[in-house]
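>>> Sequence first, then the predicted structure:
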Amino acid sequence: MIRLDGVTLVRDGVRLLDDVSFSVPTGQALALIGAGGAGKSLVLKLVCGLIRADSGRVFVDEDEVSALDEVRLMAVRRRIGMVFQNYALFDFVDVGENVAFPLRQWGDLSAAEISARVERRLSQVNLTDATRKLTSALSGGMKKRVCLARATVHDPPIMLCDDPTAGLDPVTTNRIFALLAQLRAENTATAIIVSHEVEALRQACDRVVLLERGRVAYDGAMSDAAQSEHTGLRAFFEAGVAL
Amino acid sequence: MSDAVARLGAGAIALAETVGALAMFTTRVARAALRPRLDRFETWRMLYRVGVESLPIVATTALFAGAIAVVQTGANVVKFRAYEVVGWAFGFSVFREIGPLLVGLMFSGRVGANNTAQLSTMQVTEQVDALRALAIDPIEYLVLPRVLSMVLMMTTLAVIGNAFALVGGIATSWAMLGVDPWVFWNSFAEYVTLTDFANGVIKAAAFGLAISLVSCHFGLAVRGGALGVGRAVNSSVVASAISIFVLDYFITWILK
Amino acid sequence: MSALRFAWDEARGVARLLADTAQALLRARPPAAVVWAQAFDVGNRSVFFILVTLGFLGAILNFQTGFQAQRIFGDTSLIGAATLPILVRQLGPTLVGLMVAIRVGTGIAAEIGSMVVTEQVDALRMCGAGPVDYLVKPRVLAGLIAVPALWVIGTGAAWMAGLWVTHLAFQTNPATYVNLDLTRGADIAEGLFKAVVFGILIPVIAAHSGLQARGGSEGVGRATTQAVVSASLAVIVLDLLIGAVAFGLRGGAGA
C-alpha cells in the first residue's frame, strides 16, 4: 500500500504540490496523469524518499517514509523498483553491471546468484546481446528496458514508473507496457505509473489520479473514469484516444 | 611496457593536437581582430560581467597574497632584525611575481572557467550553430568581445589587486611582526620601482590574453552533453594554468 | 555582501559534508582497491601537469631570487639554500594544491555534477548507495594519499628546474645549489601538513559543488566553475592560516 496524506511541497515560493492525498491498495496499479509540470515526478520521488515534503505524510506499507532518516529509508527502498524518466543509467559501468548494481550493493546474494538473476532479467527484456555494452551506446528504447531490468532485478513488491515510454515509437511503447505488466504480475506488485499513453494505462491500471497544478483533480477507479463527466479527465482521455 | 610507450605517444599526439588547434584558433581570432567589427552591446556586457565576476575574488586573493608574502618572509625578517626592508621585500615579490601569478590563476578559475562553461553550453545546445545559420560569425560576435574584456579587466585588476595586496601586507606585518605601517610604507615607496609595478601589469595583461583565448577555444571545441561541458571546463583551466606558468617564465626572462 | 553570504553558505555546506564524510568513514571504510584506483587516477591525471607547472615555478623563483641577489649582494651562491625552504613549506604545497584544485577538483565536480543532473545519484540512492559513501568517501581518501605524494614530486620538480636555471643564468655550480643547510624539519612538517589538509579538503569542496549541480549542462558548468574557485580560495586562505600558526609555533624567531 502507498498512501499520501495532505502532502504539500513548496520550492522558491511556488506550491508544487498542494495538499495531495490518495492511496494505492496493495497489488493495485495507479495511473498518475496530468500535464507537464503538474507534479507527477515529484510524487514518485516523495514515495521513495528522494525528496521531502514540507508538510503532510507519505506511507509505504506501514513505514512512514516522510519521517525516516536516510539509513532507515534504505530498507524501504529495497522494496521499491524505480524507473526514472530520463533513464538515470550509470555511465561508469556496462549494461550488465547496471542491472546487477543494487544486488551487489546490498551484498546478500552470491556472485553466481546475482549473475543468474541479471541474465534472466536481461533475456526477459531482450537485451542479452547488450550485456557488455556501455549505456551511452544504446538507443532510447534499449535504455528504458535496461532501466526496467535494473528496477525489477530484486523482485520489488512496489514499482514506480516515471513515464516509461517517453519519446518512444508506438511499437516499442507497446512492448514496454507488455513487459511492465509481465514483471508486475510476477511479484503482484503495487505500482504507480506516470504516462501519457491513455490506452495502455487503461489496460494496465486499476485506479487513476489526475494532477492539475499540484492538486488532485480526480481520483477514482479506472472503470469509472471513462464515463466520468470531469472536464479535465475527459479532455485527457479524448486527446489520448484521438492520437 | 609497449602499452606505456603507446600511452605516452598518444599523450604526445593529443598535446600536439591541442597546441595546434589553439594556434589555429588564435590565428582566426587575430584575423578577425584586424578588421574589428565589435558588437558594442555584447562588448559592454562582457566587460561588465567579467569585472563584476572577478573583482571580489581578485581582491580577496590579492589581500591574502600580500599577507602570505609577509608571513613567509617573517621568520627571516625577525632573525636578521630586518624590519626596515619588509616593505621592499614584500613589494618586489608580490608586485612582480606572486600577485600576478595568483590573481591570474584565480581569474582563470572564475572568469575563464565560467566562460568555457557558457560557450560550451551554447555549443552543445546548438546555439552556436544557430548563430552561424543566421550568418553571424561566432568568432566576431562571441570571441572578440570576450578577449578584449578579459585583457582589459585583467590589466585593471592587476592594478587594483596590487592595492589590496599592499593593504594585506601592511596589516599582517603590523599585526604579526609589529612593523609600523609607516616604516613599511617608506621602505616600500623607496625601493619598489615603477619597473616592478609595470612588470607585474604586463604579466597580467599577457595572462588575460592567454586565459581568454584558451577558455574560448575549449568552450567552442566541446563534444558531448553535460559531461562534455564539465570536461571542457576541466581542460580549459588546466591549459590556462600551464600557459600562465610558461608565459610567466618567459616574461620574467625577457624583462629581467 | 552577497559574495560574503555566498562564501559563508559554501563554507557551512562544505563543513557539513566533511563531517558526514568523517562519520561515514568511521562507520565503514571503502574497499582498498577502490581507494587505490581513485588515488592512482588523481595522481596519474595530475603528475604531468604538476611537473610542468611546478617546474616552471621553480625556474621563475630561482631566477627572480638570483637576479635580486646578484643586484644587491653580487653573490648568487646561496640561491639554492634560500629558495628550498620556501619551496618546501609554502610554494610547493600551495601551488600543488592550486593545481590539484584545477585538475582534480574540476574533474570531480564535473563527474559528480553530471551524475546529479542525469539522476544517477538518485538511482544510486535507490540502490542503497548513498552519495557520501559511494562517491565522496573514496575520493577523499584518494586525495589524502595522492596530494602529499604530489607535493613531494612537485617540490622536487621545482627544485630540479631551479638547479638548471641557476646554472644557465648565473653559472651556479650544481654542487653549490644543492644546499640543504637552511631547510629545517619544521619546514618539511609545515609543507606536509598543508599537503594533507589540501588533500582532504579539495575533494570535499569539489564533491560539494558537484552534488549541488542543478539543471542540465549549464548546471554542470556552474558546479565545475564553483569547484575551482572555492577550492583555490580555500587553499590560499589555509596557506595563510597554517603559515601564520607555524610562524607562531616557531616562536617567531625563525629558529
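Received the coordinates, thanks.
>>> these two touch, right, C:Val165 and C:Asn62?
Yes. C:Val165 is within contact range of C:Asn62, at 5.3 Å (criterion: CB atoms under 8 Å). From N, CA and C alone the C-beta is placed, and that goes for glycine too.
>>> So between those two, which is more surrounded?
C:Asn62 (30 against 24; other CB atoms under 10 Å in any protein chain shown).
>>> quick one: low-confidence parts of chain B?
Residues of chain B that meet the criterion pLDDT under 70 lie in B:1.
>>> Residues contacting the helix or strand containing A:Ala191, please?
A:Ala191 is part of strand A:190-194, with elements assigned from DSSP states H and E. Contacting residues not belonging to strand A:190-194 are listed as A:1-2, A:24-33, A:40-41, A:43-44, A:47, A:85, A:157-164, A:180, A:184, A:201, A:204-205 [CB atoms under 8 Å, 6 or more residues apart in numbering or on different chains].
>>> and after it, which helix or strand comes next?
Assigned by DSSP H and E, the successor of strand A:190-194 is helix A:198-204.
>>> Pull that following helix out as PDB, backbone CA atoms only.
This file holds the C-alpha atoms of helix A:198-204, laid out as PDB (Å, rounded to 0.1, in the frame of the first residue of the first chain):
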ATOM      1  CA  VAL A 198      -4.100   6.700 -22.300                       C
ATOM      2  CA  GLU A 199      -5.000   3.300 -23.900                       C
ATOM      3  CA  ALA A 200      -2.100   1.400 -22.300                       C
ATOM      4  CA  LEU A 201      -2.800   2.900 -18.900                       C
ATOM      5  CA  ARG A 202      -6.500   1.900 -19.200                       C
ATOM      6  CA  GLN A 203      -5.400  -1.700 -19.600                       C
ATOM      7  CA  ALA A 204      -2.600  -1.700 -17.100                       C
END
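>>> residues from the stretch 151-256 of chain B in reach of chain A?
B:Leu227 (CB under 8 Å from any CB of the partner chain).
>>> Looking at the stretch 151-256 of chain B, which residue is nearest chain C?
B:Gly230 (2.3 Å; CB to the nearest CB).
>>> Show me the shaky parts of the stretch 151-255 of chain C.
For the stretch 151-255 of chain C, the ranges with pLDDT under 70 are C:251-255.
>>> What segments of it are helices?
Using DSSP state H, counting those that start in this stretch, the helices of the stretch 151-255 of chain C run over C:174-177, C:185-211, C:216-249.
>>> Show me what from chain A comes close to chain C.
Residues of chain A lying near chain C (CB under 8 Å from any CB): A:45, A:48, A:50, A:70, A:74, A:77-78, A:80, A:82, A:84-91, A:101-102, A:105-106, A:150.
>>> so which strand or helix has A:Gly49?
Using DSSP H and E, A:Gly49 is not contained in any helix or strand.
>>> the longest helix in chain B is where?
Counting residues, the longest helix found in chain B (DSSP state H) is helix B:40-79.
>>> do chain A as well
helix A:170-187.
>>> Output it as CSV - backbone C-alpha positions only.
C-alpha atoms of helix A:170-187 as CSV (Å, rounded to 0.1, in the frame of the first residue of the first chain):
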residue,chain,number,x,y,z
PRO,A,170,4.4,3.1,-30.8
VAL,A,171,5.8,-0.5,-31.3
THR,A,172,8.4,-0.1,-28.6
THR,A,173,5.8,1.5,-26.3
ASN,A,174,3.6,-1.5,-26.5
ARG,A,175,6.5,-3.8,-25.8
ILE,A,176,7.5,-1.8,-22.8
PHE,A,177,3.9,-1.9,-21.4
ALA,A,178,3.7,-5.6,-22.0
LEU,A,179,7.0,-6.1,-20.1
LEU,A,180,5.8,-3.9,-17.3
ALA,A,181,2.6,-6.0,-17.0
GLN,A,182,4.6,-9.2,-17.0
LEU,A,183,7.1,-8.0,-14.4
ARG,A,184,4.4,-6.6,-12.2
ALA,A,185,2.4,-9.9,-12.4
GLU,A,186,5.5,-11.9,-11.2
ASN,A,187,5.5,-10.0,-7.9
